[in-house]
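> Any chance you can model this:
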Amino acid sequence: MNARKTIIYLLVATAVIFIGHYFYENYKLNSFLGGGIPERDGYRELTEGDSKNVLAEAKTLESNKDPGKAVLILDELKNRTEDMLQKSIIDLEIANTKIRSIDLEEGVEALAKIVNNENYPRVSRAYAMILIADRFQADLDKKLLKPFFSEQELALGREDTLITESFKKSYDIYPLGYSAGKLGTDYLLKKINISRYISDEDYVVALGYFKEIDLSMVQLENSEGMRHLIPSTLLMRAHMLRLFSFAGRPQGEDISKAYQKVLEMARAMGAKRTEQFAVLFYADYLARLPENITSVTKVLEENFEKATLDNMVIRYVNNLSLLRRNFPNIYKYTSNDKNFGDLFGLLFHSRG
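Now for the predicted structure:
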């Protein structure tokens, strides 16, 4: 009995040390980065300082179909700036201008240069990598990832693996909440597919990603240039809450309210893709209980009957493998309930 108690105590002590080490390292990292809150908002400095007229002129030029000149005056502004944070933000403006109005691949190449510029702040480099990963996730164009993967990796790599690896590259530079949420949801989904109830070790790893989301949310709310990531980051957070609950590790939060918060924020910020995915995830969460099927049908009809569907949403609902993996309850009803299946087909497949 004493030997057994000793083993139990050793196991508990090891777990405590492991968890404590994780949060201590996390604390050191975020202390180094300003407690997860940037001391300066470089974007606000630029838009409210002496450079605001140049930025405004660049946007006017872009909207007037002269993006080349917009890039030129932004580049001149960057060359007059000594501050590395502000230089990186101007480069992000240049890259986004190219993506929107000149050439997608040229814009992604500009983002890749930011990612690989070790003189730039890590948060800017990680953010640039998120923009690349998110664009690849939407378009599935492997050419976008050429600066980061070998030809063989791109040729042989599965799309879902490349998406995860792209977000991991961002996370490894700096743990922004969106990349942490993507990695956390992928990690939990893989573990749940093996065994519904995850181990203590796997729980600690997943919880680490979840904590990074909350640390990052404070930063996003205080960063004018990255606030648009808030809805998608909140969606990852809500989805992780759901996966924790499914795996027997509930976090004590109302999951329905978490999805509703995503919807409110996405609508307020005009994030259509995130809004549509949030509706699907919320509907799928409701559909876990058979008695909710009427509510599920209502949610889908109200949000999708007249909506213009995002291309990425169309891909997910029309690909049976993606539908089954991400929305298992909806998938089940499309197969087993003819009325629901017909409605789902009318809302989605007929427009795919």
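
> least trustworthy helix or strand in this structure by mean pLDDT?
helix 2-32 (a mean of 42; mean pLDDT, DSSP states H and E).

> Show the subsequent helix or strand relative to that helix.
helix 42-48 (DSSP states H and E).

> Quick one: mean pLDDT for that next one?
Confidence for helix 42-48, expressed as mean pLDDT, is 72.

> Check stretch 247-266 too.
95.

> SS state for K306?
The local conformation at K306, judged by DSSP: H, G, I helix; E, B strand; the rest coil, is coil.

> Which elements pack onto the strand or helix carrying Q276?
Using DSSP H and E, Q276 maps to helix 272-286. With contacts defined as 3 or more CB pairs under 8 Å, 6 or more residues apart in numbering; DSSP states H and E, the packing partners of helix 272-286 are helix 230-246, helix 255-269, helix 293-304, helix 311-318, helix 320-326, helix 328-336. Glycine gets a C-beta too; all of them are placed from N, C-alpha and C.

> List of residues touching the third one?
This points to helix 293-304. Applying CB atoms under 8 Å, 6 or more residues apart in numbering, the external contacts of helix 293-304 come out as 276, 279, 282-283, 286-287, 330, 333, 337, 340, 343-344, 347-348.

> And that helix, what's buried?
I293, V296, T297, V299, L300, N303, F304 (16 or more other CB atoms under 10 Å).

> Make CSV out of the residues you listed and add distance to L243 and pLDDT.
Formatted as CSV, the buried residues of helix 293-304 follow (distance: CB to CB, whole Å; pLDDT from 0 to 100):
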residue, distance to L243, pLDDT
I293, 22, 92
V296, 19, 95
T297, 24, 95
V299, 20, 94
L300, 22, 95
N303, 23, 94
F304, 24, 94
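
> which of the helices and strands packed on helix 272-286 is buried the deepest?
helix 230-246 (a mean of 23; mean count of other CB atoms under 10 Å).

> and the direction of it versus that of helix 272-286, what angle?
Interaxial angle of helix 230-246 relative to helix 272-286 (axes from the mean of the first three to the mean of the last three CA atoms, to 10 degrees): 20 degrees.

> Would you mind extracting the C-alpha trace of helix 230-246 into CSV?
The C-alpha atoms that make up helix 230-246 are tabulated as CSV, following Å, rounded to 0.1, in the frame of the first residue of the first chain:
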residue,chain,number,x,y,z
ILE,A,230,-11.3,38.6,-33.2
PRO,A,231,-14.3,36.9,-34.7
SER,A,232,-12.3,33.9,-36.1
THR,A,233,-10.3,33.7,-32.8
LEU,A,234,-13.5,33.6,-30.8
LEU,A,235,-14.9,30.9,-33.1
MET,A,236,-11.8,28.7,-32.4
ARG,A,237,-12.3,29.3,-28.7
ALA,A,238,-16.0,28.3,-28.8
HIS,A,239,-15.1,25.2,-30.8
MET,A,240,-12.4,24.2,-28.3
LEU,A,241,-15.0,24.6,-25.5
ARG,A,242,-17.3,22.2,-27.3
LEU,A,243,-14.5,19.7,-27.9
PHE,A,244,-13.3,19.8,-24.3
SER,A,245,-16.9,19.1,-23.2
PHE,A,246,-17.2,16.2,-25.6
